[in-house]
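Visitor: please find the sequence and the predicted model below.
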Number of protein chains: 2
Amino acid sequence: MERTLVKDIQAHEGKEIMLSGWIHRIRDLGGVTFIILRDRSGRCQIVTNEAMELTQETVVRAYGKVCANDKAPGGYELALDHFDVLGPAAAELPFPVNGDPSKVGIELTLDQRMISLRNPQILSIFRLQASLVQYFAEYLRGRDFTEIKSSKMIGTGTEGGTSVFSVEYFDRKVFLAQSPQFYKQAMVSSGLERVFEIGHAYRAEKHETSRHINEYVSLDVEMGFIESEMDIIKLERGLLAYIFDRVNENNREDMEAWGATCPTGDQVLKAPVISHDEAKQIIRDKLDRRVFEISPEGERALCAWSEEEHGTPLVFVNEFPRRKRPFYTYPKGTKTMSFDLLFRGLEITTGGRRINEYAMLKETLPRFGMTEEQLGGYGDIFKYGCPPHGGFAIGLERLTQKIMGLGNIKECSLFPRDRKRVTP
Amino acid sequence: MERTLVKDIQAHEGKEIMLSGWIHRIRDLGGVTFIILRDRSGRCQIVTNEAMELTQETVVRAYGKVCANDKAPGGYELALDHFDVLGPAAAELPFPVNGDPSKVGIELTLDQRMISLRNPQILSIFRLQASLVQYFAEYLRGRDFTEIKSSKMIGTGTEGGTSVFSVEYFDRKVFLAQSPQFYKQAMVSSGLERVFEIGHAYRAEKHETSRHINEYVSLDVEMGFIESEMDIIKLERGLLAYIFDRVNENNREDMEAWGATCPTGDQVLKAPVISHDEAKQIIRDKLDRRVFEISPEGERALCAWSEEEHGTPLVFVNEFPRRKRPFYTYPKGTKTMSFDLLFRGLEITTGGRRINEYAMLKETLPRFGMTEEQLGGYGDIFKYGCPPHGGFAIGLERLTQKIMGLGNIKECSLFPRDRKRVTP
């Protein structure tokens, strides 16, 4: 007999069917047993008069007849004929798969990741995340962007900083890439002009916060033939508006699991662009004290301001000072053609225009204590003709976290890595 | 003035336009200069009577009038008014961007990767590759598969083998994942049932061959509620038939650059399934000597046989002996429910059904010299109810190589990593 998915049972009213899935819940009312079966499409009630010796999470085929029942969730249930067990389950679950995950601490949730991911509410985070990746690529492909896959093992530490992981690579050391920055620039310059990459990025940062993980998925974009960072902001506005509209269309159920809402595309388009100096002034006014940096508290204040003044939880901050940006950022006096995007109090994007002329890059290096040699092959991109270009990266887990309204970024990584956690 | 793309110039005949791109070629005929401009959409001829002091690969805006000219490639050319230089280029290119890459050795091509990727013929490899990733995901999403992103840094060497790279992870060591095997099994078991992942995989293998690289992109698939590896073979047949049909529809130009052809979807559907024993017999007959393993030479013989007997360059080999497969492979007597897919003489896929019951897995471990402890969190997937499932992985670079008919897999990785090569 062909398998029927839970979501399709009403089309089979009165007929014998076979469902397959996990035993989500068992309620033995003495004489009658109600069982909830879970498959990839949803959950449905199975009813039987026989005593059942099933454990929760057992994987079964359930044979029976579809009956209408107003009291059953969805209005239909399966009157059980019999079960076949496909995958037995031990009695004591290490995580309440059918419970409320907010009642379980994050440590247990992550320690028991192999099982906690079965919790439908937790799993909904990753259904949404899969959609975000899909919509991201859809939008960009529709605008002539080409997907690239660049190496994550790099021979030189060009990007600087001590926060890189090193890999024993045969008889030498290499580093895990902190971003595909130079590779995406190389691919703009190769003639593809417009590229994106969906890939892992690695940061060996020691701090333990609710907004950092040591391995994350970076949604990277880079585009040639721009004038300034404003072209990149415009691109990201269009991209996020598309993604959010698609989420609102297709991921309502995933969001409802967390009581979450996603801004509309229109709200993204309304996101203001303010300079770094203006941002500090707004934070100063909001917090009523002197401000030297945009701290996490400041980011929350800016988003609150944007919500009040512009009716949107997003705000772009541009014109960061040169010393706050990497050496390859295009200068604009003492400022730079760079920006961050804040969403619901969290920075989810860094971007900007990059230096595209070798002479300007060479001039910039000493200012950052760098030499031409340190540029390595990176310099070739600019020596041999490179268009004005720029780009940005969105942290996939941060975007997921902010849409779902979750407290910790680790909840938004299937198998998160932090200073102490490297399993499962 | 808005930019016009090269592919659109004929729509602007007689009008003033602006093109942007790279100076691909310059032919100074004394008095008249022909310039080929390259942008992401194609190439076009620019003609001028003025002497030009441009270097090849300079990035320019070219202003002028579109004129019909039968002798120009594409039938139209730009009569130049003037150029703006956006990105100057040094005079001596380290790689012949407008030349025939087959006349340059692979070492120079890879040493000068930042520039060799600009060669349109070389770049076409990666346009095709981007399409393969897109079609792969399209097909699977259309069949209810959910995309996952799993960690590439793993705390335990469960998969075994010495060919793993180790990473200095704060005060301990972790390993780069050889595959997302356990994670995709966990996600089938989580209730997603059908998952795929597009991600990097790492193999610290020392050998230097034309078919191995140490970092590659793995197109991974895993599906629940199957009976045997035949369900997985059926899935891969459908998937590859779709991908190949899409390639033939949309990537003709990329393939023409290499004089390449892609099999039709029908040819994929005709691919025979033969057992490991039958395969050895066929190789024996072909090579006229005793055969103990399916060597690279044997793989070529099998594909030649499939071409002759079945009119397709693909052949599935199933029922590998247990000792040739990993411990988690589902047994079938002394054989296993496993398969390889060979395409044009190269193995591009390994797959099969996996053990889904904890008791069977436990029984299997000693045979492979393993203990329950070594399973770590992996065991939990099966302890608590796991459906029968299986899957496969396609090596993206190998698939690209075989469609394009290229001699070395390194040509199909943007920034390939081998024992000696870790830059650019």
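Guide: Sure, I can see it. Numbering: from 1, shown residues only, chains lettered A, B, ... in the order given.

Visitor: how about the helices of the stretch 151-300 of chain A, start to end?
Guide: A:181-187, A:229-250, A:252-256, A:265-269, A:276-287, A:296-310 (DSSP state H, counting those that start in this stretch).

Visitor: for the fourth one, buried residues please.
Guide: The reference is to helix A:265-269. Applying a neighbour-count criterion of 16 or more other CB atoms under 10 Å in any protein chain shown, one finds A:Gly265, A:Gln267, A:Val268 buried in helix A:265-269. Any C-beta I mention is one placed from the backbone N, CA and C, and that applies to glycine too.

Visitor: chain B: which of the residues you listed is nearest?
Guide: Nearest to chain B among the buried residues of helix A:265-269, counting by CB to the nearest CB, is A:Gly265 at 21.8 Å.

Visitor: you'd agree that closest one is up against A:Gly238?
Guide: No: if you go by CB atoms under 8 Å, A:Gly265 and A:Gly238 don't touch, sitting 9.0 Å apart.

Visitor: ok, then the element right after the helix or strand of chain A at the bottom of the mean pLDDT ranking?
Guide: Lowest by mean pLDDT, DSSP states H and E among the helices and strands of chain A is helix A:372-375, with a mean of 88. Next helix or strand after helix A:372-375 toward the C-terminus (DSSP states H and E): helix A:380-383.

Visitor: so which elements touch that next one?
Guide: helix A:181-187, helix A:358-364, helix B:113-116 (3 or more CB pairs under 8 Å, 6 or more residues apart in numbering or on different chains; DSSP states H and E).

Visitor: pull the CA atoms of that helix into CSV?
Guide: Taking Å, rounded to 0.1, in the frame of the first residue of the first chain, the C-alpha atoms of helix A:380-383 are listed here in CSV:
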residue,chain,number,x,y,z
ASP,A,380,46.6,40.7,-8.5
ILE,A,381,42.8,41.3,-8.5
PHE,A,382,43.5,45.0,-8.6
LYS,A,383,46.7,45.2,-10.6
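
Visitor: please name the nearest non-neighbouring residue to A:Arg322.
Guide: A:Thr336 (5.5 Å; CB to CB, 6 or more residues apart in numbering or on different chains).

Visitor: quick one, domains of chain A?
Guide: A:6-87, A:113-412 (automatic domain parsing).

Visitor: low-scoring stretches of chain A, by residue?
Guide: For chain A, residues meeting the criterion pLDDT under 70 lie at A:157-162.

Visitor: related to what we said a few turns ago, so the residue nearest to A:Arg322 bridges to which residues?
Guide: A:Pro331 (DSSP bridges).

Visitor: do you know how far it is from chain B?
Guide: Distance, A:Thr336 to chain B, by CB to the nearest CB, to the nearest Å: 19 Å.

Visitor: what's the neighbour count on that residue?
Guide: A:Thr336 has 24 neighbouring residues, counting by other CB atoms under 10 Å in any protein chain shown.

Visitor: these two touch, right, it and A:Glu319?
Guide: Yes: with contact defined as CB under 8 Å, A:Thr336 reaches A:Glu319; the gap is 6.9 Å.

Visitor: including distance to B:Gly30, could the buried residues of helix A:265-269 go into a markdown table?
Guide: Compiled in a markdown table, the buried residues of helix A:265-269 are given as follows (distance: CB to CB, whole Å):
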| residue | distance to B:Gly30 |
| --- | --- |
| A:Gly265 | 57 |
| A:Gln267 | 61 |
| A:Val268 | 56 |
